[in-house]
Each structure stands twice: as structure tokens, then as C-alpha cells.
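> Curious how this folds, go ahead:
(chains A and B)
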Amino acid sequence: MSKAVLMQGNWACVEGALYAGMRFYSGYPITPSTEIAELSAQKLPLYGGKFIQMEDEISGIAAAIGASISGTKSMTATSGPGFSLKQENIGYAAMTEVPLVIVNVMRVGPSTGLPTASSQADIMQARFGSHGDYPIIAVSPNSVTETFTLTVRAFNLAEKYRTPVMFLTDETIGHAREPIVLPKPGELPIYDRVQPADGEEYMPFRVEPGEIVPRMPAYGRGFRYNMSGLFHTETGFPSNSPENAQAQIDRMFAKIYDNVDDIVTYEEFELDDAELVFVTYGSTSRSVIPAIKSLRKQGYKVGMFRAITLWPSPAKQIEALAERVKHIVVAEMNRGQYLQEVARLVKGKVPVTHIGRANSEILLPSEIEALAKEVLS
Amino acid sequence: MRSSQLVEKYFRTKNLPHIWCPGCSLGIATRSLVVAIDELGLDKNKTVIVSGIGCSSRAVGYLDFNTIHTTHGRALAFATGVKLANPELHVIVISGDGDASAIGGNHLIHAARRNIDLTLLIFNNNIYGMTGGQFSPTTPHAALGTTAPFGVVEQPFDLVKLAEGAGATYVARGTAFHVNPLVKYYKNAIEHKGFSMVETICICPTYYGRQNKSGTAVQMMHWLKDSFVLNTAYDKMPEEKRQGKHVYGEFVKKDLPEYVEEYVGIIERLKGEEDA
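I've put the predicted structure just below:
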């Protein structure tokens, strides 16, 4: 058996990224994500990869997109204000369908907020932060080990669906130190973007039969094509046609929403006979689990549904929960963000309560337990 | 090479005609670039041209290379990732005065400071053309813009001095009239190891010329011809003759460690230490 090592979440993120094949990192220092940049700077050259500290958050993501276009798996990481600054280029990556992992180690906002403290208040920004209509994938880990495995998965999803993927961790998980057994090479699947074969007749934004997204050749291989944030036809060149814009946006949404079953992952805990279910994600689930264990000992039928993929949301699963439980409580470190998505899916079939705050104090198991008792009484 | 052959070889002819206004000089600048590329014999497959947003940035759609039309002001930052991830690519950036020195000004000074092997061509028409004639950081003091209806209150950037001060290791300025030296500067910039910047003074008869009563496109070209003097000649001119004159020429040519080479050197050194 491999030996467990002690590691903080931010380091596990870099280890997972390297495992997935990240060979380029660009970013700008910001608390509480900086360890991701530091470890990338240390490790990437050892793998023949490149690290660059850019002049600001905007160029931090721009360089990563450029590197991905040239054929290299790339990542950038940030927190709070930096995530806001990156939004325009997140839309560019979505529009040009460039694989990229964007880590947001969430901290308390708005504005500079509480820079060293944890929150989960960028959930809606992760979904809707850039202008215009676009789909996105967002995932959120709840442990150091899962930070590693989910980073690998984030890269796989980015490559498979040619999309930016949001990796939403937070200060709690990012700085928590936990034992982790690092997977061996080959233990986890690795997915690389599909490229056209040499000499193949190539149409840059056409989906080949049986495939999900257009093939994406690295620059320099001889497929001289155009990338543009303008609406473009299959040729990659701009078009003002409403029919073309409709077809392009429909395809961008379909590649994600037609494959929800492949993209969405979640964890169920004590759900079988549960009357009250906590819907939660990320670090908050670490407070929910002991609360459930304690409540179960006292005879309360409570369980947890933890979304690991936040966007697209586990809609089918949450809708099914609404059919079989008596009460749903959304637990998250904000004033009610994922609550909006859960309430939208539950459609008033059962009461939905919220427990959360964003003042830097994490939710305690005792508070969660007390709320459950109040709701069930 | 004749123009028709250049078009055939380097342009995406299906995308022509271009969207630029009659009398615009962006076509001259773009042609000068492909002449330079042709004379240098660059491999189209190994050449990447990156642009931002604006009139000048639309050039990439017409050029048959690996091309990236990015977000406003950010072309240099995207290009930095392309070059560092794959150093065998020649990376050329086309930008306008607003794109490069207003919204993208931070990337300009830092790419220059970093001395990364990119060539930045700023097609400077002294105005925001795509949005219809607002003043830019290079619009002359007191000139008119739609957002400066009583004259620009600010002082303009001297892009050559800006790039030099920020650490660019090759800096030149040409004009859309003086085409032969312009091609030479483009060639020297592309061949230069390190960050190179060439400012090309362009004319915008539609959105700059009309409101500033600069005359027709031909008259504006005459203005380029009459008012721009080669820097070496300018240096010898007596003070009274320098009035109203502007300079073009090569201003900086120096060797300093280049970013990508330095970084790759670190990778190789670490590999050596591992093997030892």
C-alpha cells in the first residue's frame, strides 16, 4: 500500500493538475489561492512545463487560454476579486471552446471582503459571471483527497467538452491539511482533446459524426485556423447571421446539457429513509456529516445530498428528492445562492429552508443539528 | 512578389473584400507585414498572428496563418501563453493604438519588460475607428474626437518612448507612406530575439480625418510624406526646421536575455541536476 502524505488542499490541486497533464500555469498572486501558483512555479519546470506570473488577473487567464490553444493543458487559479477580473476571458474561452481549468479558492466578498476567510459565495458568478448566454461546468471538492481527484476530472471534462471548467474550492479546503494517498500513474483515467489526423480535411468548428465537440489541433501542426470571440461559422470566421448565431449557441448548450449524466457527480449519505435532506456541497458538507451522525443517533431520519458537480446542477436527482422527502435544507456559506437553483428545481413540492452565512465563520455541526430539530419539530 | 501573388499566398481570399473604409491605410500595413514574412521565408504553419479588438485587429481574419482574434487589449497576454507553451512558433501581435496603449497598456509595458520574443505591430491611426471616432491615447492634444468635441485635453503617448522606457529591445516607427523602410522594420522586428515593437503611423480619413478636417485620404498620405523625417536626418536638422516634423526610424536595437530562452534554460538545468 502506498503511504499517505500530509498535504493542504491547494497543493493537492497542483498535484492533481500535474497528474492530469497540466504543463502550463499562468496567474497572479492572490490570497487564499497563492500556494497553487507557488507550487506550480516549483514543480512545472521539473515536468518540462511552464509557469508564468503575469501582470494581472486578466492576463493570467489570457495567457492560459493562449497556451491551451497552442496545445498545452493549462490552468489558472485565483480568489474573489481575481475571479471577477477573469470573467470576460472566461466568456472568450466558452465562446472559442478552449479547454481550461479555472480554480477559484473562494473567500468572503464582496470586494476585498475578508481575504483570508472562507466562503462559498461565488456559486452564481461561476455560472453567470461573464456577459451573454453560455454554459459552464463547475465542480467543488470537500476534502484534500477529493481536491486531487476532482482536479484530474476537471481537466478531463475541459478536454472532453472543450470548455472552461470552474474548480470551486474555498479557503477551508484549500488550507486544510489532511492525509492523502496519491494515486499512481494509470490509476485515474486521463482524457486528451481529440485532434484531427495529419492531412485530414479539417473544418475548425464542425462536429464530426459520433463526436461531441469539434476537433482541436494544436497550433503549429499545419491546420491554420482562426479563433474569434465573435460568433463564427464552422469555418471559424465571423458571421452576423442570426441563424448561425442560434445554431452555434444551441450547439454550445447541447454539448453540456445533452451529457449531464456523464458530467454530473454527487454523493448521497443516509438518504434511504430520510425525511429531511441537506443539500450541500464543498467544505460545508464536512459540518453536515457529523450533524447527521449525531441526529441519527437520536432517531432523526436525516440525510445529505452533496453536489460535486454544481453546474450543470444535478437537476434530475434534486427533482427526485423533492418527490420523496418531507423537507430540504440547503446548507452553504453564503446568503442563499445554490438555494435559488434548488428551490427552482423543487418547485414548491416540499418546503426548502436555508442555513448559511458569509461572515468568515464556518457553519458548525451543532448549528446544523439545531436547525434540523427545529424544522422537524 | 507581385500583389496578386502575395494575396494568393498569404490571404484567406474567401474572406475578402475586407471591412476597412476606402482610403484606410490598414491594408498598406497588413500588406507590408506579409511582404516582410515572405522575404523572411517564415513557415505559415509555424506562424501565429494574434490580435485584440478594433479596426486593425480585424486583419487576422484575412491572413492565412494560425490566427487568434482575442478580447480587447489582451492580445499580448494571449500571445505570451502561445509563445511560452510552444517556443518554436513565431508569434506576431497586431494591435491598434487604443487596444495596445489604453485598455492593453499594462500588457504592453510588461511584455516589454519581460523581453519575451514577441513582435508587436501597433497600427496607430490616432483614433478609435471601430466605435466611430473617439479620442485615443495617441490622439494629438487639441484634436477633435467625438468624445472630445472641444478638443482633446490630454497629452498623447509617444509609443516609441513608452516601449523603450518599458524595456523593449527593438523599437521602430514607420508610416503607411514610407513603405520600404516599414517592411525593413517589420523584418528586423520579427528577426529580433526579444520583445520588439513597431509603431506604424496610419491614416483614418473617415473617423479622424472628417472631424479634424484633415482632407482626403490622398491629402493625409501627403501629410505623412511631408511631416515625417527619418530620425538620422532629423538629428542633423537645425532647430527651426524641426518645427511640425515627426520622426520615424529605428530607435532601439539591443540584446538582453530573452524570457522563453531563459525559462527553457531553467528546465534544462533542472533536468541536468536530476540526471547527475
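
> now what about stretch B:157-171, what contacts it?
Applying CB atoms under 8 Å, 6 or more residues apart in numbering or on different chains, the external contacts of stretch B:157-171 come out as B:97, B:100-101, B:108-110, B:112-115, B:120, B:122, B:124, B:137-138, B:172-173, B:188-189, B:192, B:194-199, B:250-256. The way it works is simple: take the backbone N, C-alpha and C, and place the C-beta from them, glycine included.

> what separates it from the chain centre, distance-wise?
Relative to the centre of its chain, stretch B:157-171 is centred 12 Å away, using CA atoms, centre = their mean, to the nearest Å.

> restrict the contacts of stretch B:157-171 to contacts with chain A.
B:His110 (CB under 8 Å from any CB of the partner chain).

> Filter the contacts of stretch B:157-171 down to just the ones in strands.
Judged by DSSP state E, strands contain the following of the contacts of stretch B:157-171: B:120, B:122, B:124, B:172-173, B:196-199, B:250-253.

> Need the nearest residue in space to the closest residue to chain A within the stretch 101-250 of chain B, chain neighbours excluded.
Nearest to chain A in the stretch 101-250 of chain B, going by CB to the nearest CB, is B:His110, at a distance of 3.9 Å. Closest residue in space to B:His110, ignoring its immediate chain neighbours: A:Glu55 at 3.9 Å, by CB to CB, 6 or more residues apart in numbering or on different chains.

> tell me which element the residue in the stretch 151-276 of chain B positioned nearest to chain A falls in.
Nearest to chain A, among the residues of the stretch 151-276 of chain B, is B:Ile267, at 4.7 Å (CB to the nearest CB). Counting by DSSP states H and E, the element that carries B:Ile267 is helix B:259-275.

> just checking, what packs against that helix?
The helices and strands touching helix B:259-275, judged by 3 or more CB pairs under 8 Å, 6 or more residues apart in numbering or on different chains; DSSP states H and E, are helix B:75-85.

> Which other helices and strands does the helix it packs on contact?
Helix B:75-85 sits against strand A:24-27, strand A:50-53, helix A:57-69, strand B:47-51, strand B:66-69, strand B:90-96, helix B:105-114, helix B:259-275, with contacts defined as 3+ CB pairs under 8 Å, 6+ apart.

> quick one, phi/psi of the nearest residue to A:Val5 once chain neighbours are set aside?
Nearest residue to A:Val5 in three dimensions, chain neighbours excluded: A:Ile180, at 6.2 Å (CB to CB, 6+ apart). Phi and psi for A:Ile180, reported as degrees, to the nearest 10, are phi -140, psi 140.

> cool, and B:Gly104?
Backbone torsions of B:Gly104, given as degrees, to the nearest 10, read phi -110, psi 10.

> if we can go back for a sec, highest neighbour count among the ones in strands among the contacts of stretch B:157-171?
B:Met197 (32 neighbours; other CB atoms under 10 Å in any protein chain shown).

> Now do the same contact list for the residue nearest to A:Tyr257 when sequence neighbours are not counted.
The spatial neighbour of A:Tyr257 that comes closest, neighbours along the chain excluded (CB to CB, 6+ apart), is A:Pro312 at 6.1 Å. Listed by CB under 8 Å, 6+ apart, the contact set of A:Pro312 reads A:Pro135, A:Ile137, A:Ile256, A:Tyr257, A:Val260, A:Ile263, A:Val264.

> Any of those buried? List them.
A:Pro135, A:Ile137, A:Ile256, A:Ile263, A:Val264 (16 or more other CB atoms under 10 Å in any protein chain shown).

> okay, now B:Gly61: neighbour count?
B:Gly61 has 21 neighbours, counted by other CB under 10 Å.

> what pLDDT does the residue in chain A that chain B sits nearest to get?
Proximity to chain B, evaluated over chain A using CB to the nearest CB, is greatest for A:Gly66 at 2.9 Å. Note on A:Gly66: pLDDT of 98.

> Quickly note the distance from it to B:Gly167.
Taking CB to CB, to the nearest Å as the measure, A:Gly66 and B:Gly167 are separated by 21 Å.

> Tell me how many other residues crowd A:Phe223.
As a burial measure, A:Phe223 scores 19 neighbours (other CB under 10 Å).

> What does it show for phi and psi?
Main-chain dihedrals, A:Phe223, degrees, to the nearest 10: phi -100, psi 90.

> Could you find the closest non-adjacent residue to it?
The nearest residue in space to A:Phe223 (CB to CB, 6+ apart) is A:Pro217, at 4.1 Å.

> out of A:Gly66 and B:Gly167, which sits in the busier spot?
A direct count of neighbours by other CB under 10 Å for A:Gly66 and B:Gly167 places A:Gly66 higher, at 35 against 18.

> In this structure that one contacts B:Ala75, no?
No - the pair A:Gly66 and B:Ala75 does not pass the contact test of CB atoms under 8 Å, sitting 9.4 Å apart.

> Mind listing the shared neighbours of those two?
In terms of CB under 8 Å, 6+ apart, A:Gly66 and B:Ala75 are both contacted by the residues B:Val50, B:Ile68.
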